[in-house]
Every structure is written in structure tokens, then in C-alpha cells.
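Output the structure for:
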Amino acid sequence: MGINQVKNLLSQKENIRLEFKKALKELPENIFETVCAMLNRDGGEIILGVSDDGLILGVDSGNVDKIVAQIVAQSNNPQKLDPPFILFPQKYELEGKLIIRLQVPVSSQVHKTANTVYDRSNDGGFRILNPVNIADMVNRKRLYFSEINTFSAVCYSDLKEELFLKVRNLIRSNNPNHPWLSLTNEQMLSRAGILRRDPQTGIESYTLAAVLLFGKDEVIQNILPFFKIDAIVRKKDLTRYDDRDYIQCNLIEAYDRLMNFISKHLPDKFYLEEDRRVSLLNKVFREVVANFLVHREYTNASPATLIIYSDRVETSNASNPHGKGIIDPVNFTPFQKNPLIAKFFIQLGRVDELGSGIINVNRYLPHYSGTKTPPQFIEGDVFKTVIPIGRRYATEGINEGINEGINEGLETLLRYISNNEGLRANQLSTALNTPKKTIERWIYNLKSKNKIEFKGSKKTGGYYLKGSKYKP
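Residues are numbered from 1 along each chain as shown. I've put the predicted structure just below:
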């Protein structure tokens with residue numbers, strides 16, 4: 001969310017999804033009552049350093065980093081917020097003063113602070129003390145958020161053990177000091193809320209979110225026999241397909257397969273952003289793919305499809321809608337369909353923040369497609385996305401500094417490096433199922449064309465696009 005959206009929030013009055021708090025030198029004592037209430041209701045925004053009537057007071061510059069660190073640490077502490085829901089505040093400067101914006105998504109779980117459940121209304125947060133009312137809240141969330149359904153028969157051995165190393169590496173590259181990195185695998189799952197104790201039975205079980213993120217293929221199919229993701233290319237044969245990837249695996253690997261499928265069939269284009277060359281294909285479609293996976297209603301048997309046409313990319317998947325019709329990228333209220341899955345993708349660096357997907361696609365798509373036709377995000381029982389890519393551009397192949405005498409093998413390697421920077425030759429060989437000597441020859445050619453470079457030490461470094469930032 002950019003500075004203009006923050007200004008828009010400050011122009012509004014406090015409401016069920018917006019609260020202002022003074023925080024000159026320390027974290028407000030009751031902030032987690034508000035966080036808890038928003039998590040339990042519809043999510044919302046908390047702006048620190050602002051009076052109740054929207055006047056910017058600011059946060060002391062000498063204390064702002066301390067306050068941000070406290071929010072991150074305490075939101076991950078079950079003694080403060082139970083169950084934990086790790087939050088990531090952002091700092092902004094307005095009128096020469098610092099403020100802190102805290103985006104709180106809706107949660108599929110019921111949260112407590114100081115051993116008390118809070119709910120939210122237009123008048124602010126209020127305590128829920130009656131067990132019947134708490135049970136109503138649990139049932140309301142259970143009906144809407146299928147990702148929290150638990151399966152007592154699923155055990156740790158039903159999860160794909162090798163995924164945990166991949167997940168830890170992704171988290172570490174996104175945030176080297178992430179608090180989850182010091183936890184065991186099962187502690188990580190518990191802290192992420194996908195291994196949870198059922199509030200009615202008291203039994204700790206794996207949730208549907210855990211199965212979808214880490215489950216072995218056969219376990220996912222046993223629980224969701226209709227689960228599939230169909231990636232299709234229809235540029236020449238519009239009645240059948242030119243190429244297809246039929247995906248029935250966990251969402252972490254499904255993301256990689258979808259991104260590789262898109263990279264295989266769509267051209268890339270590089271864009272200079274703050275003196276750094278970035279892949280526009282990656283900027284646009286990482287958001288499309290992440291939202292495609294995160295916001296699906298997985299208990300619905302309708303198939304999920306991603307179709308690449310000559311002039312557009314369309315996705316469709318079953319949804320549990322919070323609204324109807326085309327979403328306005330300027331004035332919309334983001335609402336997560338699977339908050340636990342979304343939160344996990346945020347930790348992996350595959351989702352930036354709630355609502356960022358629509359904003360980023362609208363921002364980068366004109367540079368990628370060369371057209372003025374805006375993308376469409378259409379909410380309903382089936383959520384549809386239409387991403388125009390321009391017919392001429394989509395059929396020309398790689399351009400803008402890529403298609404300069406580079407053959408298909410080099411194109412494949414360059415695309416893969418653009419989406420997975422920091423890998424070494426042996427890792428690229430395994431990922432692309434290509435002999436290491438061939439990879440090394442392609443690397444030599446790409447380096448000679450000034451497209452990639454090796455960064456870091458000989459032991460821990462890897463290959464990056466020329467001009468990209470090194471991530472140790």
C-alpha cells in the first residue's frame with residue numbers, strides 16, 4: 001500500500017476497520033485488544049501516531065524502530081496474542097512526522113489477549129465473556145474458513161519432510177531474523193496456526209491449511225479427491241490446448257510449477273526500478289499466481305484453471321465471496337479467503353501484504369503488456385482474473401534485451417534465474433533436468449552477453465540477473 005492509500009485512510013473517520021492511536025514514545029497499552037478484535041471480526045487498519053480525529057501527531061524518531069520491533073515480537077508471542085498471528089508494521093513519513101501503519105487481516109481463528117476474547121464494532125473493541133458468544137464466533141469462522149477444518153487422523157509423517165528445508169530457505173532469504181527460524185518444524189506449524197488445538201475437543205490436529213501447504217500428494221488427494229490445478233496454453237488450438245500442466249501437489253510446489261509454466265510460455269521484459277533491473281513477468285505473475293492459490297475455496301469441487309491465450313491470461317477458481325463484481329483497484333477492501341495460507345505465503349516472501357496483488361498488477365502490467373487495457377479481478381462464487389498481455393507482444397518471444405541471439409535453452413535458463421536468483425550451476429542443473437555441462441555452457445554464454453553474473457563467495461554465492469541485488 002503506497003503513501004496515497006495511507007493518506008486516504010487518514011482522511012476517513014474511525015470505523016469498524018480503522019482505528020487511530022497516539023504512540024509518541026511507546027506502544028499503546030491496549031493495542032493488542034484492538035488487534036485481537038480486528039482479527040476476530042473483519043480485519044482492519046491501525047495507524048499509530050495519530051489522534052482519534054485523524055490529526056498527525058507522529059511517533060518519536062528515536063523510538064519508532066523499538067515500537068515496530070515490539071509489535072512484531074509480541075504478535076508472535078502466545079503469552080500476548082493467543083494463538084499468535086505475526087504482524088509486520090510499516091513506517092511512513094507525512095508532514096515531516098513518522099507514523100506506523102499496522103494492517104490486520106481477518107483471521108480464521110479466534111484470538112485472545114490477556115486470556116480474553118475481543119470482538120469489534122463501529123464503537124471499537126469490546127470483550128466477549130459469555131462462552132455461548134465465543135462458541136458462536138468459533139462456529140461463524142468455521143463455516144466461512146474451511147482452511148481451519150482439522151483432521152485428527154493426519155500425522156507428521158503425512159507431510160512432505162523435504163519441504164521444510166525449502167520453506168526455511170525462503171523465509172531466511174526474505175527475513176534472516178525471522179522468529180520462526182529458531183523453531184522446530186512442528187513448533188513452526190503450531191506458531192503458524194496450521195497445527196492447532198480444537199477449541200471444542202481439546203485435541204491438537206493438523207488443519208486443511210497444513211495439508212494443502214505440506215501434505216504428500218496422496219494425502220491431499222485422500223482428503224480432497226477433486227483437488228487439481230489445470231495450467232493450459234491455448235494460443236493455436238482453442239478447442240483443446242497447445243500445452244498443459246496438471247497439478248495435484250502441495251501449494252508451495254504448485255506455486256513454482258505455475259511460475260515455471262508461465263515463464264515457459266510468456267515472454268519476459270526487464271524494467272529499471274530504483275537503478276535495479278527487475279523481471280516484469282515475475283512482478284506481474286507472482287502476484288497473479290499467489291492470489292490464485294491463496295484465495296481459493298478448496299472444499300469446492302470446481303476446478304481451478306490458469307489459461308494462457310495469445311492476448312491474455314485468465315484464471316478462475318472457486319471462491320467464498322465477500323462481495324460481487326469487478327474490484328476497483330483504487331477503492332476496495334481486501335479480504336483474505338484463507339488467512340492462514342496467506343500468512344504463510346507472506347513469510348515466504350511470495351505475498352507482500354493484504355491487497356498488494358491487485359495494486360502491484362495494476363502498477364506493473366502496463367510496462368509489461370504495452371497495452372492500456374487494465375486487468376480485471378472479478379469477485380463472485382467463481383473468482384476470475386483477466387490479465388491482458390497484448391497479442392503481438394505475446395507471440396514475439398522474449399524481447400527487451402533477452403532475445404538478442406539467445407537460443408531456446410538460454411531463454412529457459414535466463415527465465416529460471418530471473419525467478420530463482422542465487423542458485424549455483426548444480427542446483428540449476430537439477431531444477432531444469434539438464435546436464436551440468438550444458439548448464440555451464442549456457443551460463444558462459446549468458447555471462448558473455450552480460451545478462452547474468454555470479455555474486456557472493458565461491459561456496460555460498462550464485463547466479464543473478466545483471467544488476468540485481470545480492471541476497472546472501
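
Please make it C-alpha for all contacts and neighbour counts, starting now.
Noted.

Can you give me the neighbour number for Ser205?
Using other Cα atoms under 10 Å, Ser205 is surrounded by 21 other residues.

distance of the residue lying closest to it once chain neighbours are set aside from Val219?
Closest residue to Ser205 apart from its sequence neighbours, by Cα to Cα, 6 or more residues apart in numbering: Ser152 at 5.1 Å. When distance is defined by Cα to Cα, to the nearest Å, Ser152 is 13 Å away from Val219.

which residues does the residue nearest to Ser205 contact?
Listed by Cα atoms under 8 Å, 6 or more residues apart in numbering, the contact partners of Ser152 are 203-206.

Restricted to strands, list these.
204-206 (DSSP state E).

so is Glu421 in a helix, a strand, or just coil?
coil (DSSP: H, G, I helix; E, B strand; the rest coil).

for Asp136, same thing?
Quick answer, by three-state DSSP: Asp136 is helix.

Check it and give its pLDDT.
The model reports Asp136 with a pLDDT of 90.

got the ones in strands among the contacts of Ser152 as a markdown table, with distance to Leu57 columns?
Converted to a markdown table, those look like this (distance: Cα to Cα, whole Å):
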| residue | distance to Leu57 |
| --- | --- |
| Glu204 | 45 |
| Ser205 | 46 |
| Tyr206 | 45 |
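
for the residues you listed, which one is nearest Ser108?
Tyr206 (14.4 Å; Cα to Cα).

dump the residue contacts of that closest one.
Contacts of Tyr206 by Cα under 8 Å, 6+ apart are 150-152, 154-155, 194-196.

in what helix or strand does the closest residue to Gln347 other than its chain neighbours lie?
Spatial nearest neighbour of Gln347, excluding adjacent residues (Cα to Cα, 6+ apart): Ile171 at 5.8 Å. In this assignment (DSSP states H and E), Ile171 forms part of helix 163-174.

what's the helix or strand following that helix packed up against?
Later in the chain than helix 163-174, the nearest helix or strand by DSSP H and E is helix 185-191. Judged by 3 or more Cα pairs under 8 Å, 6 or more residues apart in numbering; DSSP states H and E, the packing partners of helix 185-191 are strand 195-197.

in its sheet, what does the strand it packs on sit against?
strand 204-207 (antiparallel) (DSSP bridges).

Can you give me every residue that contacts Lys97?
Contacts of Lys97 (Cα under 8 Å, 6+ apart): 56-59.

Let's see that with 7 Å instead.
Gly58 (Cα atoms under 7 Å, 6 or more residues apart in numbering).

how deep is the nearest residue to Asn15 once chain neighbours are set aside tucked in, by neighbour count?
Excluding the flanking residues, the one nearest Asn15 by Cα to Cα, 6+ apart is Asn122, at 5.0 Å. Neighbourhood size, Asn122 [other Cα under 10 Å]: 11.

my guess is Asn122 contacts Ile16, does it?
Yes: contact criterion Cα atoms under 7 Å: Asn122 and Ile16 qualify, at 4.3 Å.

quick one: low-confidence parts of the stretch 301-450 of the chain?
Under the criterion pLDDT under 70, the flagged ranges of the stretch 301-450 of the chain are 330-334, 353-355, 391-408.

now the strands for it?
304-309, 312-318, 325-326, 376-379, 382-388 (DSSP state E, counting those that start in this stretch).

and Gln12, which of those is closest to it?
strand 325-326 (23.5 Å).

any idea how far Glu19 is from Gln12?
Taking Cα to Cα, one finds Glu19 at 10 Å from Gln12.

Between these two, tell me which one has more neighbours.
Taking other Cα under 10 Å, Glu19 and Gln12 do not tie; Glu19 has more neighbours (26 against 12).

For the more buried one, which three-state class applies?
Glu19 ends up strand, using three-state DSSP.

ok, what's across the strand from it?
With DSSP bridges as the rule, Glu19 is bridged to Ile46.

my guess is it contacts Ile46, does it?
Yes: at 5.0 Å, Glu19 and Ile46 qualify as touching, with contact defined as Cα under 7 Å.

Now the residue most central in space within the chain: closest residue in space, sequence neighbours ignored.
A centroid search over the chain (Cα atoms, centre = their mean) returns Val351, at 2.2 Å, as the residue closest to the centre. The shortest distance from Val351 to any non-neighbouring residue, by Cα to Cα, 6+ apart, is to Phe345 (5.6 Å).
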